[in-house]
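Q: Fold the stuff below for me.
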Amino acid sequence: MDLIPNFTERQRIFRSRTEQLTATTSDVQITCFGTSIWDETLYKAWSAVAYSLVPNIDRLHDALHKLCQLCNADEIVLFEQVTFLVISNAENSALERQHHDVHRHEKMSNIIKQFKLCCNTMKVSFRSIQVHNTYYSAYMDIFTPTTYIMVICSEPKLTTYGIQINIAAARRIFDNIMSSIE
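A: Purely as a prediction, here's the structure:
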């Protein structure tokens, strides 16, 4: 797709190829992704593939949503540990905050991957990270043997220690969910 310079032509070719594949595999449901190495579409496609391969995703998402509400977090994101693809995320609808950046998960993933790469270069292991500014706090930690969890809060009264306690308490529940998945 990157070799076709005209956007309209890329879209036309993508639709045509999707129709051809759908007709050829009429007895199998397929999903096609028009991706590019120059934007977020490749990350989004890989995340969608990873997400579709996780059994019991609804159970995992429900538990993540409950944890999000318990922590009074704006959002919680569960990343796969090696690729940092998003497995699931939950937003706290009670807080009525909107995230304006639809590419935030890809950006978070890229920042963490770069940080992890720097740690590896310096021969330092990466386990967790905390980021605080005027508007939010973000805390990321190893969650299960195959995942990292990121908790994002805009409530200034919430402490990282409180979030760590909630994550530690939830870890056992999520270990059970993830072990039934793997």
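Q: remind me which residues of the protein are low pLDDT?
A: In the predicted model of the chain, residues 95-99, 180-182 satisfy pLDDT under 70.
Q: Show me the helices in it, by range?
A: Counting by DSSP state H, residue ranges of the helices within the chain are 7-24, 41-53, 57-70, 104-121, 160-181.
Q: is the one residue sitting closest to the centre of the chain in a bridge, and if so with what?
A: Geometric centre of the chain, nearest residue: Val86, 2.2 Å, by C-alpha atoms, centre = their mean. With DSSP bridges applied, Val86 shows beta-bridge pairing to Phe79.
Q: Please tell me how far His100 sits from Ile173.
A: 32 Å (C-beta to C-beta, to the nearest Å). In short, each C-beta sits where N, CA and C put it, glycine included.
Q: what's the answer for Tyr136, then?
A: 26 Å.
Q: of these two, who's got more company?
A: With neighbours defined as other C-beta atoms under 10 Å, Tyr136 and Ile173 compare such that Tyr136 has more, 16 against 12.
Q: Excluding covalently adjacent residues, which one is nearest to the more buried one?
A: Setting aside the residues directly before and after it, Tyr136 is nearest to Ser154 in space (C-beta to C-beta, 6 or more residues apart in numbering), at 4.7 Å.
Q: wait, doesn't that neighbour sit right on Asp74?
A: Yes: at 5.2 Å, Ser154 counts as touching Asp74 under the criterion of C-beta atoms under 8 Å.
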